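Visitor: Build the 3D model from these lines:
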Amino acid sequence: MSQNRLIKYFAISLLATYSLSALAAPTIDVHSDPNCGCCSAWVSHLEEAGFDVNHHRDDDLRSIKMANGVPPELASCHTAIVEGYVIEGHVPASDIQRLLEEQPEVVGLTVPGMPHGSPGMETGRVDDYAVLSWTRNDSTPTIFSEYTQ
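Guide: Predicted structure coming up:
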């Protein structure tokens, strides 16, 4: 093989390797109650959207929420961490992907409570709900996206 072909082959291989690593799914660490079925359903939703999920089943979610700056009024049934952001509750994967693309200066996203129809809460009933964001300096939430019927 000529030197030019070898260099070209090496460059293409290097570019392909870089492209695949750039497309690698973000890893998200999910903390949930060991017995929660809706949390497992939300984890499946994330995996189907291409996230690499580490699912931790914890008995003390309150301390995890507190350590990650989740105000009680914004809490839900599970807490996740992805690329430094906190994801609380049944946040759609598309909103997490948007958060990671836009990288706003927020602590994270939350869907307080457990609204029917949100990912992992497909019960046959569908409620309107909002995905909220908040900052460290002000826990007053801002609407990130809304889901209405």
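Visitor: which stretches of this protein form strands?
Guide: For the chain, the strands defined by DSSP state E occupy 27-32, 52-57, 78-82, 85-89, 108-111, 129-134, 142-147.
Visitor: what separates the first one from the chain centre, distance-wise?
Guide: The chain centroid and the centroid of strand 27-32 are separated by 8 Å, computed with C-alpha atoms, centre = their mean, to the nearest Å.
Visitor: Can you tell me, leaving aside adjacent residues, what's nearest to the residue sitting nearest the centre point of the chain?
Guide: The residue lying closest to the centre of the chain (C-alpha atoms, centre = their mean) is Ile96, at 4.6 Å. Of all residues not flanking Ile96 in the chain, Ile87 sits nearest, at 5.9 Å (C-beta to C-beta, 6 or more residues apart in numbering). C-beta here means a position set from N, CA and C on the backbone, and glycine is covered the same way.
Visitor: okay but the one you found is in contact with Ala80, surely?
Guide: Yes: if you go by C-beta atoms under 8 Å, Ile87 and Ala80 touch, sitting 4.1 Å apart.
Visitor: Ser40: how many residues sit nearby?
Guide: 16 (other C-beta atoms under 10 Å).
Visitor: Could you give the bridge partners of Glu146?
Guide: Assessed by DSSP bridges, Glu146 has beta-bridge partners Ala130.
Visitor: Check the spacing between it and Val111 real quick.
Guide: Separation of Glu146 from Val111 (C-beta to C-beta, to the nearest Å) stands at 11 Å.
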